[in-house]
Structures are given as structure tokens and as C-alpha cells.
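Undergrad: Here is a sequence with its predicted model. Questions after.
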Amino acid sequence: QVQLVESGGGLVQAGDSLRLSCAASGFTFSNYYMTWVRQAPGKEREFVAGRGWRGLNLYYAESVKGRFSISGDDARSTVFLQMNSLKPEDTAVYYCAAARRAERLPERYDFWGQGTQVTVSS
């Protein structure tokens, strides 16, 4: 049974930091491209960051470059998203997702977590 379990969301103020975690199980972690995707109210899902096995193929959305960092613990099938200098426009539900290929199209991703809410107040 495939599972992606996110944790670490919460309510913070602008300028604060948060670290999200995603624990994966039920599939071969090394064969998948791990991503973070977010969805704000009334908006479409947006690719945020992606990471391949051993940290290859790191990609970031332009809106988070220099502020967010994706990393992972391959031995534990876990991926993280360090979010610094948070802005109110970062408010969204953040999802962990797995894809067979390194691409930035959420509609092509295979597995999804249930999401964790991040709210940034001004």
C-alpha cells in the first residue's frame, strides 16, 4: 500500500520558517522523483520543488527560489521542504507527490499525500 505522509505545517508569521516532512512507503523510493506541490484556495495546483534519488534533478518554482530548499533522507524514504522567509502568498495546502519522471507537471504525478496546511499571516 502506497503511503505519503506529510507533517510540519502550521500557522506562522511572515518572515518565519517551517520545515515539512514527507515519509514514503509502499513503493521503490529510488525509482521515483519526489516533489512538493501546493494549492492555494481558488487556485490550481502549483509545482514547488522536486528532488530525484541522491539529490539529483533539483528543481524549484521561480516563486520560491532562494527561500525554499528540498532535501531527503534516501535511507529512510523521506523528503523535506525547508521554507524560509515565508510570505502570505505561500499560504496553501502543501502536498508531497511522487512521479516516475523528473517533471514539473503535477497532473502526471502518480502518488499523493493528503497534504498539510501552511498559513502565513502578515
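TA: Nice, thanks for sending it over. Numbering: from 1, shown residues only.

Undergrad: Which residues lie in contact with Asp84 in this structure?
TA: Wrong residue type there; residue 84 is Asn, not Asp. With contact set as C-beta atoms under 8 Å, 6 or more residues apart in numbering, Asn84 has these partners: 17, 67-69. Quick note: C-beta positions are derived from backbone N, CA and C, even for glycine.

Undergrad: So which residue is dead centre in the protein?
TA: What sits nearest the mean C-alpha location of the chain, by C-alpha atoms, centre = their mean, is Trp36, with 2.1 Å.

Undergrad: ok, for that one, nearest residue in space, not its chain neighbours?
TA: The shortest distance from Trp36 to any non-neighbouring residue, by C-beta to C-beta, 6 or more residues apart in numbering, is to Val48 (4.4 Å).

Undergrad: and whatever helix or strand the one you found lives in, which strands flank it?
TA: Using DSSP states H and E, the element containing Val48 is strand 46-51. Strand 46-51 has its sheet partners listed here by DSSP bridges as strand 33-39 (antiparallel), strand 59-60 (antiparallel).

Undergrad: And those strands: which comes nearest Ala98?
TA: Among those, strand 33-39 comes nearest to Ala98, with 5.8 Å by C-beta to C-beta.
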